[in-house]
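1. Could you look at this predicted model? Sequence included:
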Amino acid sequence: MIAIFLPRALLLGAIASLALTAAARADIVGREADITDLRLGQKIYVDDGSCPAGQIKEVAGLRLSASGVERSKKCVDRKGKR
């Protein structure tokens, strides 16, 4: 009976892992105008040089309004290599 459920559990675990990896990957664009559709909770990093050295601009979908998704902008520490 365990032999039947083990492949199914491994497959579900692999699918969940891929989904979480795709969700955790952040997009980096060169201009804020390149952000066409921002979803609630999504974070996109803009490398336009407007933040101090060692930081990058983070644009996040903050809340839903009548005109669409409101954006939050702030400079955050750059993670990893440039």
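-> Perfect, I can see it now.

2. Quick one: name whatever helix or strand follows the helix or strand of the chain with the lowest mean pLDDT.
-> Taking mean pLDDT, DSSP states H and E as the measure, the chain has helix 2-24 as its least confident helix or strand, at a mean of 56. Proceeding N to C from helix 2-24, the next assigned helix or strand is strand 27-29, under DSSP states H and E.

3. which other helices and strands contact that next one?
-> The contact analysis (3 or more Cβ pairs under 8 Å, 6 or more residues apart in numbering; DSSP states H and E) places strand 27-29 against strand 43-46. C-betas here are computed from N, CA, C, even on glycine.

4. ok, and what's touching the helix or strand just after the strand it packs on?
-> With elements assigned by DSSP H and E, the helix or strand that comes after strand 43-46 is strand 55-65. If you take Cβ atoms under 8 Å, 6 or more residues apart in numbering as the criterion, strand 55-65 is touched by 28, 32, 35, 38-48, 50-51, 69-78.
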